[in-house]
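[1] take this sequence and fold it.
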Amino acid sequence: MESLGLTELLHISLIFIGFAGFFLAFNIWSKKQEKKPLVCPMKSDCNTVVHSRFSVFAGIPLEVIGMLYYTFVIFTHVLFLFFGVHSDWLVFITLFASAIAFLFSLYLTSIQAFVLKQWCVWCLTSAFFCFIIFATTALTIDFNLKEFLFDHKKLFTVFHLMFAAVGVGAATVTDIFFFKFLRDLKISEFEDDVMKTISHIIWVALGGLIITGLALYLPETEYLNSSGKFLVKAIAVGVLVLNGFLLNIVVASKLVNISFGASHEHKVGELHVLRKLSYSFGAISITSWYFIFVLGALRRVAVPFVPLFVGYILLLLVAIIISQFVERHYSKKVIQPH
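    Numbering: from 1, shown residues only. Predicted coordinates:
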């Protein structure tokens, strides 16, 4: 009997991990359907996490997304191992999906750590599975990734611009709704649902922007590393990630708790500070998205790093100052008697 090579063993390992992840997600789903509590080891609070407002993404329960993803993992690696399928596109899609799942698991873990401040062992186990699947998938690919990305550069450019356009549109709508919702110094459950839906669209657009950006970067690393426009654009994307985390996960969550959270103790002036922060973060978001979109559209225009970076910082400062004037204007309108 011919012994199995390393690649075959890795495929088998991923199939087993896929089954383990599927049954883990199925267990969470079945307990929620039966309205039974999850048995959570290590004295962690799994039920608080799996029943939180973050347990649904784009209207789909996270455990359902998990079952679909792990089914995909099993299916693709069965094709690779038993049927000898080695389509470059299938290999790339498998790697792409595992990267998205890994990034998404980091997002969900950060919510447990900084927002819910509760840990779900089963959720952390699934996040660990996502990391193992991504790392192992990257080891098992047997084609020239840079060559594949270079050959399909135009396609990735189109998707990159598409994600940027979606991000610009969603960020614009988000800021309009967010500023409107905060006029009465509070945010309702309905308003929170609308904001959360748009926020999910922005996170998808940002994830797509990063992944397609990497697809464009890897084949031309030497050239792009010397491009001032690319470096400033990368900084702007980093600002969007940090700003999105602070606005949508930290600040917005506290606003919701203040408005209708039963266990929240309201501190004097807390809501006003959060409003000012919300307007500032909103200004940073919309400015950065438009800045990235314009840079993407002006692909053939070369601009040195320093003046472009300074210009970006000045744009952010101006946007923040304007946002504070707008916040003060609406605050006075709310305080004044009608």
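[2] buried set for stretch 194-207?
    Neighbour-count burial for stretch 194-207 flags 194-196, 198-207 (criterion: 16 or more other CB atoms under 10 Å). C-betas here are computed from N, CA, C, even on glycine.
[3] revised request: answer the last question for stretch 307-322.
    Neighbour-count burial for stretch 307-322 flags 308-309, 312, 315-316, 319-320 (criterion: 16+ other CB under 10 Å).
[4] again with stretch 283-290
    The neighbour-count criterion (16+ other CB under 10 Å) identifies 283-290 as the buried residues of stretch 283-290.
[5] next: stretch 55-69.
    Quick answer for stretch 55-69 (16+ other CB under 10 Å): 55, 57, 61-63, 65-67, 69.
[6] for stretch 289-306, same thing?
    Applying 16+ other CB under 10 Å to stretch 289-306 flags 289-293, 295-296 as buried.
[7] can you give me the end-to-end distance of that stretch?
    Distance between the two ends of stretch 289-306: 20 Å, counting by CA to CA, to the nearest Å.
[8] same thing with stretch 77-86?
    For stretch 77-86, the end-to-end distance is 10 Å (CA to CA).
[9] just how off-centre is the helix or strand hosting residue 306 within its chain?
    Element membership of residue 306 [criterion: DSSP states H and E] is helix 305-335. Put simply, helix 305-335 sits 25 Å off its chain's centre (CA atoms, centre = their mean, to the nearest Å).
[10] quick check: mean pLDDT of that helix?
    Within the predicted structure, the mean pLDDT of helix 305-335 is 86.
[11] what residue ranges in this protein score low on pLDDT?
    For the chain, applying pLDDT under 70 flags the ranges 1-4, 178-189, 191-192, 248-250, 252-271, 331-338.
[12] redo that, cut-off 50
    Low-confidence segments of the chain (pLDDT under 50): 1, 260-262, 335, 337-338.
[13] where does the residue nearest the centre of it fall, secondary structure wise?
    Nearest to the geometric centre of the chain sits residue 203, at 4.1 Å (CA atoms, centre = their mean). Residue 203 is located in helix 189-217, with elements delineated by DSSP H and E.
[14] that older thread, hang on, the residue nearest to the centre of the chain packs against residue 107?
    Yes: with contact defined as CB atoms under 8 Å, residue 203 counts as touching residue 107 (7.1 Å).
[15] show me where the chain has its helices.
    6-33, 46-50, 62-82, 88-111, 121-140, 145-151, 153-181, 189-217, 221-225, 228-244, 252-260, 270-297, 305-335 (DSSP state H).
[16] nearest to residue 40, out of these?
    Go through these one by one with CB to CB and the one that ends up closest to residue 40 is helix 46-50, at 3.6 Å.
[17] what's in contact with the closest one?
    Contacting residues not belonging to helix 46-50 are listed as 28, 32, 37-38, 40, 55, 62-63, 112, 116, 118-123 [CB atoms under 8 Å, 6 or more residues apart in numbering].
[18] any of those buried? List them.
    Buried residues within these, counting neighbours by 16+ other CB under 10 Å: 28, 32, 38, 40, 55, 62-63, 112, 116, 118-123.
[19] could you identify the most distant pair in those residues?
    32 and 119 (18.1 Å).
[20] run the chain-centre distance for stretch 201-213.
    In this view, stretch 201-213 has its centroid 7 Å away from the chain centroid, taken as CA atoms, centre = their mean.
[21] which outside residues touch that stretch?
    Residues outside stretch 201-213 that contact it (CB under 8 Å, 6+ apart) are 58, 96, 99-100, 103-104, 107, 156, 159-160, 162-164, 166-167, 170-171, 174, 234, 237, 240-241, 244, 248, 285, 292.
[22] show me the domain layout of the protein.
    The chain resolves into domains spanning 6-143, 148-335 when parsed by automatic domain parsing.
[23] count of neighbours near residue 130?
    27 (other CB atoms under 10 Å).
[24] give me the number of residues near the nearest residue to it once chain neighbours are set aside?
    Spatially, and ignoring its direct neighbours in sequence, residue 130 is nearest to residue 105 (4.1 Å; CB to CB, 6 or more residues apart in numbering). Taking other CB under 10 Å as the neighbour definition, residue 105 ends up with a count of 21.
[25] next up, the contacts around residue 105.
    Residues near residue 105 by CB under 8 Å, 6+ apart: 126-127, 130-131.
[26] do residue 172 as well
    With contact taken as CB under 8 Å, 6+ apart, residue 172 is in contact with 286, 289.
[27] on that earlier part again, any of the contacts of stretch 201-213 buried? List them.
    Listed as buried from those are 99-100, 103-104, 107, 156, 159-160, 163-164, 166-167, 170-171, 174, 234, 237, 240, 244, 248, 285, 292; burial here means 16+ other CB under 10 Å.
[28] buried ones among the contacts of residue 105?
    When those are checked for burial by 16+ other CB under 10 Å, the buried set is 126-127, 130.
[29] redo these as TSV? Include distance to residue 224.
    TSV is the format used below for the buried ones among the contacts of residue 105 (distance: CB to CB, whole Å):
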residue	distance to residue 224
126	34
127	31
130	28
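[30] among the residues you listed, which one sits closest to residue 273?
    Checking the buried ones among the contacts of residue 105 against residue 273 with CB to CB, the nearest one is residue 127 at 32.3 Å.
[31] and for that closest one, nearest residue in space, chain neighbours not counted?
    With CB to CB, 6+ apart as the criterion, residue 127 has its nearest non-adjacent residue at 3.8 Å, and that residue is residue 105.
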